[in-house]
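Participant: how would this look folded up:
(2 chains)
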Amino acid sequence: MDRRAGIAAAAALSFYWTCASAAAQEAPEAPTLLQGGGVLNNRPAPSGPAPRTRDGKPDLSGIWNPDRHFIYDISTALQEGESLPLQPWAEELTKKRMSKDDPEANCLPTGVPRMAPYPWKIVQTPTLIVFLFEGNIHSYRQIFLDGRSHPKDLDPTWYGDSVGHWEGDTLVVDTVGFNDKFWFDFAGHPHTEKLHITERYRRPDLGHLESEVTIDDPGAYTKPFKMFGHFPLQTNTEIMEYVCNENNQDVPHIVGKDNRK
Amino acid sequence: MNTRSAVCISSVALAASLLAVSSHAQNASRNEAAKAYAPAKPIPRTADGKPDLTGTWQAGGVSINGEPGAPPLHPLPPTRYRPPAREPIPYQDWVKAKQKTLTVLDDPTSKCLLPGVPRIVSMPMPLEIVQTPKEVVILYESFRAYRRIPINDKLEHPDDLTPTWMGDSVGRWEGDTFVVDVTGFNDKTWLAGLGSIHTDKLHVVERYHLNDDDTLSYTATVEDPGALTKPWVTGVVLRRPVDVRVEEYECIENNPDNDHIRKAMELQKAKNE
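Facilitator: Next comes the predicted model:
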């Protein structure tokens, strides 16, 4: 089953083709079409030391490829040999969920830490870090580093409320205030409003960003668990405008359940 | 003068008339009214000396073409600065004819699509400016929209633009004014009020200027040889809502607006007949 309509995938492919060839002015390399739509360019990530900002922090800014483990099935993002500590009801619900009902397929936000198969960008200032997402919908996360704490009266939202701080060269992001609507992945893994996520980001070198994501949701999982993400730097490109809810043809064409890992 | 400051100032004037037992009291209250505005002070600057536009801003509850529009989502402090005088959009005849066929239901934003430029600036929800030396990013609460504005002193756009809702933006500093050139639009957004369509020849030049009372003057010069007879100038004065951050806005989840609008239009039609 092709989760994303051929139209969307083909359009994305042609966007990337023109963009990459115009910007790079070099022999265009065939981009790799991710299963399920979206494009990763397969230029090797550049090497070199991670840059630093004027205030001495690691500079995480750049355009990053998504990690497929945060797209299809988060059980693949666990450490070797571990499995998701799903509560029985959550396991049952995961099996029942059909792909056409995935909010992401209906142009709603992916939530956290889910990604869509499109590049994302980090914009960094000393007091605010912003994640800009090209797709599946155009959206963003704000991560406040100005010392504020979470507001006490949070409305549940798709991306929650994020505050961050630096621990050495690691950016630590604490997020609460989620709604229970988004799925963690195409597989349909659920969560509740009790969800609390801690993300730790580091840039070991110029071309790579890594994350360690701790999911703590006593409403749907029997214990907290950790996932690991790897994001290669994309060069010679920019994130583009993606509008999902204009004439979205996908949903009636989506049948069954996506079992890809 | 926009509606909200008019209300604010007239209440100060009312208080003044009640207290007007002597010219001394009048002068005192006049001084109070003057204090309502933030005092002139040096504008904040970034490490590289540019005006620091960083922060949360909001238009004052007037649409970009001067109609009252929706009230601002959050209360705003007063300002002594005013937007440019607004003329009606100088449309070509074919547009005027087409406008007669358009209703609110044709408004792309009622379908949760992006408002485009300059309309998005005057939405009642706040926006947040994130400024770095190489790029300015604007996050809009409305429709989860964002714009990237890379700084490019020649204001050069890529030569292979795909038409988009928010266009392609490049910016540069002209003295203390941040000038943004926007092109590469599709023809689907509206510029301002009902039926304010345009073509994909749309070209917008925006100017962001930080004022000495901690407000941000925004003007947009809108050119479209496909739909306008001459350039149209509009603008708003953006102010900082107090203790407000840009929050999450989800339009397409259970959007019942169009059904309500349709019903209201049918009722109105039945009433007229």
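Participant: does residue A:118 really touch residue A:64, like I thought?
Facilitator: No - counting by CB atoms under 8 Å, residue A:118 does not reach residue A:64; the two are 10.7 Å apart. (Glycine included, C-beta is placed from N, CA and C.)
Participant: Quick check: residues of chain A near chain B?
Facilitator: By CB under 8 Å from any CB of the partner chain, the residues of chain A that approach chain B are A:15, A:18-19, A:22-23, A:54, A:61, A:106-109, A:121, A:123-125, A:128, A:130, A:132, A:137-140, A:142, A:144, A:155, A:157-159, A:238-241, A:243, A:245-246.
Participant: what about 6 Å?
Facilitator: A:18, A:22, A:107, A:123, A:130, A:132, A:139-140, A:157, A:241, A:245-246 (CB under 6 Å from any CB of the partner chain).
Participant: Taking those together, which two end up most distant?
Facilitator: Using CB to CB, these reach their maximum pairwise distance at A:22 and A:157, which is 37.1 Å.
Participant: Which one's more surrounded, the two?
Facilitator: residue A:157 (17 against 13; other CB atoms under 10 Å in any protein chain shown).
Participant: My read is that residue A:146 contacts residue A:126, right?
Facilitator: No - Residue A:146 is not in contact with residue A:126 according to CB atoms under 6 Å; the separation is 8.5 Å.
Participant: Based on its surroundings, how many neighbours for the residue nearest to residue A:224 when sequence neighbours are not counted?
Facilitator: When the adjacent residues along the chain are set aside, residue A:224 lies closest to residue A:216, with 4.1 Å between them (CB to CB, 6 or more residues apart in numbering or on different chains). Residue A:216 has 14 neighbours, counted by other CB under 10 Å.
Participant: Next, the contact list for residue B:141, please.
Facilitator: B:125-126, B:246-247, B:249 (CB atoms under 6 Å, 6 or more residues apart in numbering or on different chains).
Participant: Show me which of the residues you listed are buried.
Facilitator: B:125-126, B:246, B:249 (16 or more other CB atoms under 10 Å in any protein chain shown).
Participant: Just flag the most distant two among those.
Facilitator: B:126 and B:249 (10.3 Å).
Participant: List the buried residues of stretch B:70-86.
Facilitator: Quick answer for stretch B:70-86 (16+ other CB under 10 Å): B:72-74, B:76-79, B:81, B:83-84, B:86.
Participant: let me redo that: stretch A:234-242
Facilitator: Buried residues in stretch A:234-242 (16+ other CB under 10 Å): A:234-235, A:237, A:239-242.
Participant: Quick one: those residues as TSV, columns for pLDDT and secondary structure too.
Facilitator: Shown next, in TSV, are the buried residues of stretch A:234-242 (pLDDT from 0 to 100; DSSP: H, G, I helix; E, B strand; the rest coil):
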residue	pLDDT	secondary structure
A:234	90	strand
A:235	87	coil
A:237	86	coil
A:239	92	coil
A:240	91	coil
A:241	93	coil
A:242	91	coil
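Participant: of all the residues you listed, which comes closest to chain B?
Facilitator: For the buried residues of stretch A:234-242, the residue nearest chain B by CB to the nearest CB is residue A:241; the value is 4.2 Å.
Participant: Setting the sequence-adjacent residues aside, check what's closest to that closest one.
Facilitator: residue B:164 (4.2 Å).
Participant: Could you verify my assumption that the one you found touches residue A:240?
Facilitator: No - between residue B:164 and residue A:240 there is no contact under CB under 6 Å: 7.8 Å.
Participant: what sits in contact with each of those two?
Facilitator: Counting by CB under 6 Å, 6+ apart, nothing touches both residue B:164 and residue A:240.
Participant: How about the residues of chain B by chain A?
Facilitator: Counting by CB under 6 Å from any CB, chain B sits next to chain A at B:112-113, B:130, B:137, B:139, B:144, B:146, B:160, B:164, B:248, B:252.
Participant: Widest-spaced pair of these?
Facilitator: B:160 and B:248, at 33.2 Å, using CB to CB across the residues of chain B next to chain A.
Participant: neighbour count winner among the two?
Facilitator: residue B:248 (20 against 12).
Participant: That one belongs to a strand?
Facilitator: No - Residue B:248 sits outside any strand when classified using DSSP: H, G, I helix; E, B strand; the rest coil, being coil.
Participant: Without its sequence neighbours, what residue ends up closest to it?
Facilitator: residue A:157 is the one closest to residue B:248 (CB to CB, 6+ apart), at 4.2 Å.
Participant: next one: residue B:112
Facilitator: residue B:251 (3.7 Å).
Participant: Is that neighbour in contact with residue B:111, as I believe?
Facilitator: No - counting by CB under 6 Å, residue B:251 stays clear of residue B:111, with 8.8 Å between them.
Participant: one step back: separation between the residue nearest to residue B:112 and residue B:182?
Facilitator: Per CB to CB, to the nearest Å, residue B:251 is found 22 Å from residue B:182.
Participant: Among those two, which residue is more densely surrounded?
Facilitator: Neighbours per residue, other CB under 10 Å: of residue B:251 and residue B:182, the larger number sits with residue B:182, 24 against 16.
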